[in-house]
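Q: Sequence and predicted model, in that order:
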Amino acid sequence: MRTTPLEEEILSGEPKDAADAERRKAAATAELEKILELELAPRLPAAVRERLDAEAEAMGGKGKRGRESGRGNRDGEGGGTKLGMGVQGRQPRGSGDGTQGIAPRALTALFETPAEVGEEMVEGNDGAGESESESEEYEEETTYETLAGLAYGPKLEIRRWTATTTASEEDEDEDMEGDGEDGGDLDSDSDAAYGGYASSSSEDEVQRMKRLQNRDLGSCEIIKLSDDDKPHTGTIRVFRTSPDGKWFVTGGDDKLIKLWSVDGWKCIRTIARGKKIFSACFTPDSAHLLFADKFGEMHAVAVGSDADPVLVLAHCSTIITDVECMEGGRTGYILSGDREHKTRVSVLPKPDDRTGFEGSAPEIQSFCYGHDEYISCIRPVCQRPKMTKSWTSKNTFITGGGDSVVRMWDADTGKETDPKGCIEFHDGEIYDIATRCEGTHVAVAIEGRKTPAVVHLTAFRGTPKLFMVGFGPKWAEQPESIKFDKNMVLWGGGVRENADGSRTAVFMREGKVIDGLSITLGAEESGGTTMSTQLKKKVFSDQERADRKKNRLDVRISNEKNRVQEQS
């Protein structure tokens with residue numbers, strides 16, 4: 001374990017004389033206070049802090065007054081900023097914090113206006129955020145706009161594609177599709193049926209989806225982002241859009257959470273935290289932003305407000321690996337998964353109560369246990385009310401884990417909708433899960449596979465079930481994040497390795513790389529271990545555990561402090 005020169009001096013040999021012993025005692029006291037100030041104190045209960053204050057004062061240290069003047073607040077502001085570089089400026093201490101050395105992933109986001117419940121698909125509104133200038137399907141000319149973003153490492157890029165077609169051109173496309181060797185009769189269960197995601201679709205729907213997948217996106221325009229004076233310098237781990245399509249959030253290893261407005265494409269607020277940002281989401285009404293850091297704490301902040309973030313809930317001594325909100329129950333649910341294999345379902349407070357006071361601790365609805373490894377992603381099930389009318393579980397969501405298993409849960413009870421119906425892939429981590437707006441299918445991105453899995457969402461005698469259909473066509477690159485747009489076209493981001501050792505994140509539609517949106521990082525900046533390597537629990541023998549405890553810095557300093565006290 002790496003130690004500072006001061007610590008080496010404290011822990012080496014016997015004191016030469018009385019003056020040396022006194023100097024060592026003072027150094028040990030200062031080192032102990034430093035640990036308390038920067039690491040332990042913010043997380044300890046008040047009673048424990050008071051006891052440590054008394055011990056520090058008895059040793060001749062600064063006590064509570066000195067610690068409070070140096071620590072600052074939880075956001076790394078105030079007194080903490082005055083201690084050299086402050087909380088935000090401290091350098092990582094190594095891989096002990098959980099994400100140090102984790103390779104960046106290609107994160108994608110789609111910018112589109114939300115579809116109303118029960119809204120039928122409009123062919124003039126295709127793709128990632130595509131919209132048409134005329135509402136009639138057969139106007140002479142229709143303009144399609146596609147908006148999408150890609151985050152990789154500390155970089156963020158947004159693009160807009162614009163294409164114009166006429167009704168006659170669309171009719172010609174349909175005729176050409178019907179004149180193929182198969183005479184237009186496609187098997188809806190085949191890979192050709194829009195990427196293998198149409199196992200229960202009609203032939204007309206299959207043809208329509210094929211047309212949407214292959215439509216020319218048109219000219220590409222770079223969207224210039226207006227950032228503030230605190231741009232991202234670390235890997236972005238979170239890239240999410242709000243349900244109303246007006247906001248998006250980024251956050252990551254630089255301990256910054258940034259809220260962006262789609263109107264003007266500008267950053268309206270940057271919040272500095274004391275730990276790396278691991279997950280974030282918006283509430284269903286887009287009024288509040290929830291984000292979780294490496295402390296296992298979740299904070300809430302009102303969108304458009306300058307008020308300080310408020311602690312909402314926390315998972316004890318673990319990392320919150322993903323967070324999601326869903327409608328259901330009285331006011332909605334907060335879904336939070338962690339490293340300890342569980343998912344917590346909390347009641348989402350009413351809008352006026354979400355940031356009312358620190359540590360409001362919303363009511364716990366249920367806990368979901370079943371995964372053998374950490375929870376890697378959580379996604380609510382999107383389903384039309386008429387489909388769920390006969391379901392025994394009305395509020396359902398899906399989780400994926402580091403154990404390569406996908407499970408579906410009842411948020412109200414915390415139980416699996418079908419305990420024997422989980423899907424085991426026997427591969428790597430579940431990277432991402434994409435749910436379709438009409439709720440019949442789910443796509444799953446899996447570590448080590450270039451072919452997303454296709455899962456059919458069905459019900460038997462009122463019980464919601466997951467049914468494995470198979471794997472779709474092979475994608476150009478392994479998808480690391482995937483999203484269905486509201487017309488059920490699947491988009492995603494993957495990483496391509498280059499000959500010079502660098503890596504390029506690419507944007508894909510149904511597995512085909514889309515030109516115009518990519519990000520390249522050098523070999524060192526894009527390197528690192530996998531998330532599963534860092535988050536999977538390590539198993540140690542009793543002897544290894546004892547050795548690790550013996551060599552811990554705080555234990556060695558405590559032993560030295562006791563020895564010095566005995567000598568004095």
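A: Alright, I've got the coordinates. Numbering: from 1, shown residues only.
Q: Work out for me the element Lys386 sits within.
A: Using DSSP states H and E, Lys386 falls within helix 385-388.
Q: Equivalent analysis for Val469, please.
A: If you go by DSSP H and E, Val469 is part of strand 463-471.
Q: partners of that strand, with directions?
A: Strands that pair with strand 463-471, judged by DSSP bridges, come out as strand 453-460 (antiparallel).
Q: hmm, back to that, find out how far the strand holding Val469 is from the centre of the chain, if you would.
A: Chain-centre distance of strand 463-471: 25 Å, with CA atoms, centre = their mean, to the nearest Å.
Q: now what about it, what contacts it?
A: Counting by CB atoms under 8 Å, 6 or more residues apart in numbering, strand 463-471 makes contact with 196, 199, 381, 391-393, 396, 398, 406, 408, 417-418, 421-423, 441-442, 449, 451-459, all of which sit outside it. Backbone N, C-alpha and C define where each C-beta goes, glycine included.
Q: how does it look with 7 Å?
A: The contact list for strand 463-471 (CB atoms under 7 Å, 6 or more residues apart in numbering) reads 196, 199, 391-393, 396, 406, 408, 417-418, 421, 423, 451, 453-459.
Q: Please apply the same query to stretch 520-534.
A: With contacts defined as CB under 7 Å, 6+ apart, stretch 520-534 is touched by 98-99, 101-104, 152-153, 402, 428-429, 447, 501-504.
Q: measure it end to end?
A: The straight-line separation of the ends of stretch 520-534 (CA to CA, to the nearest Å) is 24 Å.
Q: and it, what's its mean pLDDT?
A: Taken as a whole, stretch 520-534 has a mean pLDDT of 90.
Q: repeat for stretch 164-178
A: Mean per-residue pLDDT for stretch 164-178: 57.
Q: Assign Ile407 to helix, strand or coil.
A: Not Ile; residue 407 is Arg. Assigned by DSSP: H, G, I helix; E, B strand; the rest coil, the conformation of Arg407 is strand.
Q: Which residues lie in contact with it in this structure?
A: Counting by CB under 7 Å, 6+ apart, Arg407 touches 370-371, 399, 416, 422.
Q: Tell me the first helix or strand C-terminal of the lowest-mean-pLDDT helix or strand in the chain.
A: Every helix and strand of the chain was ranked by mean pLDDT, DSSP states H and E. The lowest is helix 86-89, at a mean of 32. Toward the C-terminus, helix 86-89 is succeeded by strand 107-110 as the next helix or strand (DSSP H and E).
Q: Kindly supply the ChimeraX command isolating those of the contacts of strand 463-471 that are buried.
A: Here is the ChimeraX command that selects the buried residues among the contacts of strand 463-471 (16 or more other CB atoms under 10 Å):
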select :196,199,391,393,396,406,408,417,418,421,423,451,453,454,455,456,457,459
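Q: circling back: who does the helix holding Lys386 touch, helix- and strand-wise?
A: When contacts are defined as 3 or more CB pairs under 7 Å, 6 or more residues apart in numbering; DSSP states H and E, helix 385-388 packs onto no helix or strand at all.
Q: Kindly format the C-alpha coordinates of the helix or strand that that helix is followed by as PDB.
A: Downstream of helix 385-388, the first helix or strand assigned by DSSP H and E is strand 396-401. Only the C-alpha atoms of strand 396-401 are listed here, as PDB (Å, rounded to 0.1, in the frame of the first residue of the first chain):
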ATOM      1  CA  THR A 396     -43.500  -3.700 -13.500                       C
ATOM      2  CA  PHE A 397     -39.800  -3.100 -14.300                       C
ATOM      3  CA  ILE A 398     -36.900  -5.000 -15.600                       C
ATOM      4  CA  THR A 399     -33.400  -5.300 -14.200                       C
ATOM      5  CA  GLY A 400     -30.100  -6.600 -15.600                       C
ATOM      6  CA  GLY A 401     -27.000  -7.500 -13.600                       C
END
